[in-house]
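1. Just the structure for this:
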Amino acid sequence: MIAGLLATLAGSAWARAALRYGVIALAILLFLLALRRSGERAGRLAEQLETTERSHDAQRRMLDAAARRPRSRDDLAERLRDGRF
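-> The predicted structure follows:
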């Protein structure tokens, strides 16, 4: 029954044009949805990259501070006497 209805509609020039425009509209809709999804994904990845960079920067600053710390109590006392702390 459905095959007969499709055959009848496919025989009509108006139905073929409507079907063609429907397929084109569906393709455009699917393309826009895929574009939106990839944009959202790119935004999430950019946000994750920014967060990671901030975290790495904080870790780098902590490591730099640890590298400059006094090695012993004597070094600390010497720095305090010299006013370099």
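2. Neighbours of Ala67, how many?
-> Other residues near Ala67 come to 7 when the count uses other CB atoms under 10 Å. C-betas here are computed from N, CA, C, even on glycine.
3. residues in contact with it?
-> By CB atoms under 8 Å, 6 or more residues apart in numbering, Ala67 lies in contact with nothing.
4. Begin at 41 from now on, thanks
-> Sounds good: first residue 41 from here, last item Ala107.
5. mind listing what the residue nearest in space to the middle of the chain touches?
-> Residue closest to the average C-alpha location in the chain (CA atoms, centre = their mean): Leu85, at 2.4 Å. Contact analysis of Leu85 by CB under 8 Å, 6+ apart lists nothing.
6. distance of it from Asp97?
-> Computed as CB to CB, to the nearest Å, the Leu85 to Asp97 distance reads 19 Å.
7. Check Leu66 too.
-> From Leu66 to Asp97 the distance is 47 Å (CB to CB).
8. ditto for Asp115
-> According to CB to CB, Asp115 and Asp97 sit 27 Å apart.
9. Then Ala117?
-> Taking CB to CB, one finds Ala117 at 32 Å from Asp97.
10. With Leu89 instead?
-> Counting by CB to CB, the gap from Leu89 to Asp97 is 12 Å.
11. same deal with Leu73?
-> 37 Å.
12. Arg108 too?
-> Taking CB to CB, one finds Arg108 at 17 Å from Asp97.
13. Would you mind telling me which of the two has more residues around it?
-> Asp97 (10 against 7).
14. Let me know the average pLDDT across the longest helix seen in the chain.
-> The longest helix of the chain (DSSP state H) is helix 53-107. Taken as a whole, helix 53-107 has an average pLDDT of 94.
15. And stretch 113-125, by the same measure?
-> Per-residue scores along stretch 113-125 average to 84.
16. what residues does it touch?
-> Pro110.
17. Can you give the distance of it from its chain's centre?
-> 48 Å (CA atoms, centre = their mean, to the nearest Å).
18. Pull out the buried positions in it.
-> For stretch 113-125, a neighbour-count test (16 or more other CB atoms under 10 Å) marks nothing as buried.
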